[in-house]
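In: Have a look; sequence and predicted model below, questions after that.
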There are 2 protein chains.
Amino acid sequence: MKGLVYVYTGDGKGKTTAAIGSAIRAMGHGKRAVIIQFLKKGEYGEKKFQPLEIYQFGREQFVMEPTDRDYELAEEALEFALHVLEEKPFLLVLDEVNVAASMGLISTDDVVDIVEKRGNTNIILTGRNAPAEFIELADLVTEMKKVKHPFDTGERAREGLEY
Amino acid sequence: MKGLVYVYTGDGKGKTTAAIGSAIRAMGHGKRAVIIQFLKKGEYGEKKFQPLEIYQFGREQFVMEPTDRDYELAEEALEFALHVLEEKPFLLVLDEVNVAASMGLISTDDVVDIVEKRGNTNIILTGRNAPAEFIELADLVTEMKKVKHPFDTGERAREGLEY
């Protein structure tokens, strides 16, 4: 059965956590889920949670102006995704890939190419500003829309909730 | 530090999975997360995933017209939530509580009361049709907005993805 393609986008909280929750749901049924994170590196709770298979291709700093290293890392993430697909996991999450593509760190065509090679693997693409090509090819798209966010009132990120 | 209150609502996919992902993130930092599910009972992937602490208060059938048993179960879930709060977990998820409240199975006041007794526990309320009182008291609200959904084109729910 051909894998489905989900896109989680929008400016609200819940995109990455929904992808993690999907991975857990799949794992609960004994299926393999692999998470590849673009633009992120660090001890997020999900990274420290042993049963999850997470690979990070980012730097610890938030990317404002991309450096050569950021382009390299994003390319490495794509190559790694192709390699993982050959192992035919049930679910492959490309976390923040929408941001990497919308920033021009990777080409949308390369991501579309990976999605088209998915076979039976289900794919989740997360991050703000999902390119129109991703929306187009997706079976399911949810926009996580910010209605209220504590950062707006000066609240700082908390361990275990925001990272 | 007083716990934060999150509401995940809207008609799109990703509300429950975002709450599960949040629980995993917290657990990755060694913190306790408890998930109480209203209106649900069954072998969802997250329920079968051993490390997660999930308690279900529902029947296997989808509730269209609530029966006396549905009211009882929803009340039991609320009582159990109060009991769990006394143990001061880092995170308490009340999954589908918005639906239970909007259907009138429980009173919004009783949920508000639980939220007000949270102390340092962070609370996530999920489900469509979140009552205005919940939106009001929340620190963070994300509307999961359906842009595209495979059920619209006749696709059926798949194990590991939808349950």
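Out: That came in fine, so what should we check first?
In: which residues in chain A form helices?
Out: Ranges of helices in chain A, per DSSP state H, are A:15-28, A:45-48, A:68-86, A:97-102, A:108-116, A:132-137.
In: what's the neighbour count on the closest residue to A:Arg158 other than its chain neighbours?
Out: Leaving aside its chain neighbours, A:Arg158 sits nearest to B:Leu4 (7.2 Å; criterion: C-beta to C-beta, 6 or more residues apart in numbering or on different chains). Backbone N, C-alpha and C define where each C-beta goes, glycine included. For B:Leu4, the tally of surrounding residues (other C-beta atoms under 10 Å in any protein chain shown) stands at 19.
In: What backbone torsions are found at B:Leu4?
Out: The phi/psi pair for B:Leu4 (degrees, to the nearest 10) reads phi -90, psi 160.
In: How about A:Gly30?
Out: phi 80, psi 20.
In: Just the pLDDT for it.
Out: Per-residue pLDDT puts A:Gly30 at 96.
In: if I look at the residue sitting nearest the centre point of chain A, how far off is chain B?
Out: Nearest residue to the geometric centre of chain A (C-alpha atoms, centre = their mean): A:Asp95, 1.0 Å. Between A:Asp95 and chain B the distance is 11 Å, computed by C-beta to the nearest C-beta, to the nearest Å.
In: For chain B, see how far away A:Glu116 is.
Out: Distance from A:Glu116 to chain B, counting by C-beta to the nearest C-beta: 17 Å.
In: thinking again about what came up before, my guess is the residue nearest to A:Arg158 contacts A:Gly160. True?
Out: No - using C-beta atoms under 8 Å as the test, B:Leu4 is too far from A:Gly160 to be in contact (10.5 Å).
In: where do the contact lists of those two overlap?
Out: Taking C-beta atoms under 8 Å, 6 or more residues apart in numbering or on different chains as the contact rule, B:Leu4 and A:Gly160 both touch B:Asn122.
In: worst-scoring helix or strand of chain A, pLDDT-wise?
Out: Of all helical and strand segments in chain A, the minimum by mean pLDDT, DSSP states H and E falls on helix A:45-48, at a mean of 92.
In: Can I get it in PDB, CA atoms only?
Out: C-alpha atoms of helix A:45-48 as PDB (Å, rounded to 0.1, in the frame of the first residue of the first chain):
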ATOM      1  CA  GLY A  45      13.400  16.000  25.100                       C
ATOM      2  CA  GLU A  46      12.600  13.800  22.100                       C
ATOM      3  CA  LYS A  47      16.300  13.400  21.300                       C
ATOM      4  CA  LYS A  48      17.000  12.200  24.800                       C
END
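In: what about it, near chain B?
Out: Yes - with C-beta under 8 Å from any C-beta of the partner chain as the criterion, chain B is reached by helix A:45-48 at A:Gly45, A:Glu46, A:Lys47, A:Lys48.
In: got a markdown table for those residues, with distance to B:Tyr8 and neighbour count too?
Out: Listed next are those as a markdown table, based on distance: C-beta to C-beta, whole Å; neighbours: other C-beta atoms under 10 Å in any protein chain shown:
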| residue | distance to B:Tyr8 | neighbour count |
| --- | --- | --- |
| A:Gly45 | 17 | 26 |
| A:Glu46 | 17 | 26 |
| A:Lys47 | 22 | 19 |
| A:Lys48 | 23 | 16 |
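In: Among the residues you listed, find me the one that's closest to B:Lys145.
Out: Using C-beta to C-beta, A:Glu46 is the member of the residues of helix A:45-48 next to chain B that lies nearest B:Lys145, at 23.8 Å.
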